[in-house]
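K.L.:
Please work out how this folds:
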Amino acid sequence: MKRRQFLGGIAGTAATAMLTRTSPAARAKSGRQRPNVLFIASDDLCNSLGCYGWPGAVTPNLDRLAARGVRFDRAYCQFPLCNPSRSSVMTGRRPDTTQVHDNARHFRETLPDVVTLPQMFQKAGFFTARVGKIYHYGVPAQIGTDGLDDPPSWNVRINPRGRDKDDEDKIIQYTGAKGSLGAAISFLAAEGSDEEQTDGIAATEVIRLLEEHKNRPFFIAAGFYRPHVPCVAPKKHFALHPRDKIVLPKEPPDHLANVPDAAITVRPANYGLSDDQLREFLQGYHASVSFLDAQVGRLLDALERLNLADNTIVVFWGDNGYLLGEHGQWQKSSLFEQSARVPMIVYAPGAKGNGKPCGRTVEFLDIYPTLADLCGLNAAGAEGKSLRPLLGNPQAPWDRPAYTQVRRGPGAGAGKGKKAQQPPFMGRTVRTERWRYVEWDEGKRGVQLYDHDNDPGEYRNLAEDAKYASVIAEMKQLLAAVRKG
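P.N.:
Okay, here's the model as predicted:
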């Protein structure tokens with residue numbers, strides 16, 4: 001039997017009428033008619049998907065979700081590191097409010113009584129469940145544990161553990177100390193099936209929860225670990241990305257000449273690895289993305305099979321971007337575009353913008369109030385703004401910039417010697433539809449300005465060009481506004 005396309009043919013459904021003609025308050029009182037939420041998170045995923053135009057991507061399931069929902073082309077995380085980013089998404093607060101600036105601190109140390117995103121649904125009578133990584137886990141060390149989870153958020157918590165944990169001694173590792181797989185250039189073309197891997201088990205568990213709770217409102221969070229390093233995926237996904245077809249970034253040789261030291265974390269460039277080694281790793285990264293995509297496809301198919309597709313909001317997001325050799329940099333914790341920008345796709349049944357891309361500048365903070373708005377709940381205290389107008393019309397007027405920040409610890413990105421003893425400081429960036437502006441330590445350690453209309457690769461830092469003084473002044477005001485905020 002030919003598989004029906006996910007979310008096809010929704011015109012005229014009850015869900016369409018509900019979201020286009022009924023008020024949020026009325027929907028909140030309507031019990032079974034309230035939309036469910038399937039909340040899907042990926043780990044360390046940049047915009048390397050077919051729907052975002054990535055060459056060679058094999059992501060048919062996320063592409064079909066994007067074709068049915070709204071693909072946000074300028075979505076930005078609050079902090080390009082797992083724990084701070086996820087804490088902001090789940091509380092709706094900025095990192096300076098949560099005081100989470102690293103992978104160790106729990107947001108409840110600062111905000112003990114904050115109502116998290118799933119708690120908001122739980123208080124409204126929804127069944128809430130987490131499978132895998134939604135709050136921070138150290139990967140791969142904490143796979144199979146609760147990590148930095150938040151127990152009050154959930155009715156049910158499930159921590160899958162697959163053969164990727166058992167196969168760690170087989171992983172190829174090119175950088176970092178032995179045993180530091182979670183921050184290393186590392187990968188494995190694994191034996192066995194998708195269902196044996198941690199993310200495959202997670203998809204199976206999410207499907208089971210969908211089956212068991214299909215007759216009541218639910219907020220089910222599916223937290224996938226890939227493509228976070230080590231990039232482990234079954235061999236069939238590696239075969240989708242032939243190494244000889246992988247192209248490394250080609251950039252102007254002098255484009256880092258006037259970039260502040262704090263902006264650079266990988267020294268030497270590309271860790272000093274050979275082109276062949278980099279291609280090996282990139283094959284593993286893209287294989288992990290295709291493996292992730294296959295698990296998302298299983299969830300979308302389950303929604304369809306269970307007749308939930310027309311009454312379930314689907315949100316797909318990646319916690320932070322990921323550099324794949326741009327500027328000679330790899331991984332995250334950077335304020336370059338590829339680290340701050342993230343994939344985000346939202347399908348809301350009946351939304352008039354479904355099937356269209358959105359080029360407005362949005363933040364992950366906006367997820368919390370958006371879901372509250374769509375489901376008739378109260379997002380009190382959330383610092384973002386509902387994206388509902390953009391789900392209705394992706395080209396609707398929108399004047400909100402996006403803010404991302406990162407902390408440099410003692411010596412972070414500064415190499416050895418005297419600089420390594422300096423105290424921590426913050427880098428902050430503001431992004432509009434045209435410009436990216438960056439200040440390191442409030443400008444004392446450098447400034448960057450990029451014109452994305454003419455320089456999408458961020459190769460020409462215009463911060464010292466007098467012609468752009470008025471732009472810098474405007475961007476400085478935007479950055480100062482959120483600090484006061």
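K.L.:
Can you list the strands that whichever helix or strand Val362 is part of pairs with?
P.N.:
If you go by DSSP states H and E, Val362 is part of strand 357-363. Strand 357-363 has the following sheet partners, assigned by DSSP bridges: strand 70-76 (parallel).
K.L.:
Could you give me the buried positions within the strand it pairs with?
P.N.:
Val70, Arg71, Phe72, Asp73, Arg74, Ala75, Tyr76 (16 or more other C-beta atoms under 10 Å). (Each C-beta comes from the backbone N, C-alpha and C, glycine too.)
K.L.:
Export these as JSON lines, with columns for distance to Leu365.
P.N.:
Shown next, in JSON lines, are these (distance: C-beta to C-beta, whole Å):
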{"residue": "Val70", "distance to Leu365": "17"}
{"residue": "Arg71", "distance to Leu365": "19"}
{"residue": "Phe72", "distance to Leu365": "13"}
{"residue": "Asp73", "distance to Leu365": "18"}
{"residue": "Arg74", "distance to Leu365": "14"}
{"residue": "Ala75", "distance to Leu365": "11"}
{"residue": "Tyr76", "distance to Leu365": "10"}
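K.L.:
Return the closest of those with respect to Pro423.
P.N.:
Distance to Pro423, by C-beta to C-beta, is smallest for Tyr76 among the buried residues of strand 70-76, at 26.9 Å.
K.L.:
Now do the contacts for that closest one.
P.N.:
Residues near Tyr76 by C-beta atoms under 8 Å, 6 or more residues apart in numbering: Ala340, Arg341, Val342, Thr361, Val362, Glu363, Phe364, Ala402, Tyr403, Thr404, Arg431.
K.L.:
Who wins on neighbours among the residues you listed?
P.N.:
Tallying neighbours with other C-beta atoms under 10 Å puts Thr404 at the head of these, with 29 neighbours.
K.L.:
for that one, helix, strand, or coil?
P.N.:
Under DSSP: H, G, I helix; E, B strand; the rest coil, Thr404 falls in the strand class.
K.L.:
if I read this right, Asn311 contacts Pro349, doesn't it?
P.N.:
Yes. Asn311 lies in contact with Pro349 (C-beta atoms under 8 Å); the separation is 6.1 Å.
K.L.:
Neighbour count for those two, which is higher?
P.N.:
Under the criterion of other C-beta under 10 Å, the comparison of Asn311 against Pro349 puts Pro349 first, with 26 against 23.
K.L.:
my guess is that one is in a helix, correct?
P.N.:
No. Counting by three-state DSSP, one finds Pro349 to be coil, located in no helix.
K.L.:
how far away is it from Ala222?
P.N.:
19 Å (C-beta to C-beta, to the nearest Å).
K.L.:
any idea how far Arg407 is from the residue nearest to Glu109 when sequence neighbours are not counted?
P.N.:
Spatial nearest neighbour of Glu109, excluding adjacent residues (C-beta to C-beta, 6 or more residues apart in numbering): Gln99 at 7.3 Å. Separation of Gln99 from Arg407 (C-beta to C-beta): 11 Å.
K.L.:
Show me what the helix or strand where Gln277 lies packs onto, helices and strands only.
P.N.:
In the assignment (DSSP H and E), Gln277 maps to helix 275-305. When contacts are defined as 3 or more C-beta pairs under 8 Å, 6 or more residues apart in numbering; DSSP states H and E, helix 275-305 sits against strand 36-43, helix 60-68, strand 186-190, helix 198-212, strand 218-227, strand 231-234, helix 235-238, strand 312-318.
K.L.:
Name the stretch among the ones you listed that sits most buried.
P.N.:
Each of the helices and strands packed on helix 275-305 was scored by mean neighbour count; the highest is strand 231-234, a mean of 28, by mean count of other C-beta atoms under 10 Å.
K.L.:
Please enumerate the helices of the stretch 351-485 of the chain.
P.N.:
Residue ranges of the helices in the stretch 351-485 of the chain, as given by DSSP state H, counting those that start in this stretch, are 367-375, 388-392, 469-484.
K.L.:
In JSON lines: those, plus mean pLDDT, distance to Asp150 and mean neighbour count.
P.N.:
Listed next are the helices of the stretch 351-485 of the chain as JSON lines, based on pLDDT from 0 to 100; distance: least, C-beta to C-beta, whole Å; neighbours: other C-beta atoms under 10 Å:
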{"stretch": "helix 367-375", "mean pLDDT": "98", "distance to Asp150": "14", "mean neighbour count": "24"}
{"stretch": "helix 388-392", "mean pLDDT": "98", "distance to Asp150": "26", "mean neighbour count": "21"}
{"stretch": "helix 469-484", "mean pLDDT": "92", "distance to Asp150": "25", "mean neighbour count": "14"}
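K.L.:
I'd like to know which of the ones you listed lies nearest to Thr59.
P.N.:
Thr59 lies closest to helix 367-375 among the helices of the stretch 351-485 of the chain, at 20.9 Å (C-beta to C-beta).
K.L.:
which residues touch that closest one?
P.N.:
For helix 367-375, using C-beta under 8 Å, 6+ apart, the contacting residues are 19, 24, 27-28, 34-35, 37, 89-92, 117, 120-121, 124, 313, 315, 317, 344, 346, 348, 377-379, 382, 384-388, 391.
K.L.:
try stretch 390-397
P.N.:
Residues outside stretch 390-397 that contact it (C-beta under 8 Å, 6+ apart): 70, 72, 346, 348, 351-354, 356-360, 362, 370, 374, 389, 398.
K.L.:
Can you give me the neighbour number for the closest residue in space to Tyr137 that isn't next to it in sequence?
P.N.:
Of all residues not flanking Tyr137 in the chain, Gly147 sits nearest, at 3.3 Å (C-beta to C-beta, 6+ apart). Using other C-beta under 10 Å, Gly147 has 21 neighbouring residues.
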